[in-house]
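[1] give me the fold of what follows.
(one chain, ligands or ions: 1)
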Amino acid sequence: MALVTAVRRLAQVSLREYSRRRTAVSCWGGWQAAERSFSTGLQPLRSDNKVMVHFVNRDGEKITVKGSPGDSLLDIVINEDLDFDGFGACEGTLACSTCHLIFDEDVYKKLGPVTDEEMDMLDLAYGLTETSRLGCQICLSKSLEGMVARVPESVTDIRQSKDGSS
Ligand code: FES
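    Numbers count the residues shown, from 1 in each chain. Here you go, the predicted model:
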């Protein structure tokens, strides 16, 4: 029994680490920051370069937080311990659509291309709009300073549909 528990814990830690690395690699800002640190030999000064984000929760509450360029919106929700029920269930592995966020059109145009994998998950999101994206795939950059991200009324978690639970 202890072995099973240990294996489960190891799998959870591995999934979290995989998610963290995958997000870092998928973020253009993360690449740029990494490239800068390689070319200068210095670590990027992330704390000097924060980006402000306004989340609007399901009940209309506006929550203003800051994140570092290269962080995904899921990273910010986790780091700031924001209480968005069910948000980020797959920890950024593109296996759910619980990180669905809705943006203003001008912000949406700055978010970069949508991958086929993200589009597949977005298709399953509750309340999909023309300006919907998955928060785990959106990475902060200075051009997104002051952006507004709306949390939809409800979430759909495809993983629960697949295993028959609701
Ligand atoms: S957290 Fe599951 S797809 Fe973004």
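[2] buried residues, stretch 138-150. List them.
    Neighbour-count burial for stretch 138-150 flags Ile138, Cys139, Leu140, Ser141, Leu144, Met147, Ala149, Arg150 (criterion: 16 or more other CB atoms under 10 Å). Where C-beta positions appear, they are placed from N, C-alpha and C, glycine not excepted.
[3] farthest-apart pair in these, please.
    Greatest spatial distance among the buried residues of stretch 138-150 (CB to CB): Ser141 and Arg150, at 19.5 Å.
[4] tell me where this structure has helices.
    Listed in chain order, the helices of the chain (DSSP state H) span 2-26, 28-40, 73-79, 105-108, 116-122, 158-162.
[5] least confident of these, on average?
    The minimum mean pLDDT among those belongs to helix 28-40 (a mean of 46).
[6] so for Thr129, what's the nearest residue that isn't a sequence neighbour?
    Distance criterion CB to CB, 6 or more residues apart in numbering; nearest residue to Thr129, sequence neighbours excluded, is Ile102 at 5.3 Å.
[7] what separation do you get for the spatially closest residue to Val56 that is not a sequence neighbour and the ligand?
    In space, and not counting its chain neighbours, Val56 is closest to Arg150: 4.5 Å by CB to CB, 6+ apart. Here Arg150 is placed at a distance of 16 Å from the ligand (CB to the nearest ligand atom, to the nearest Å).
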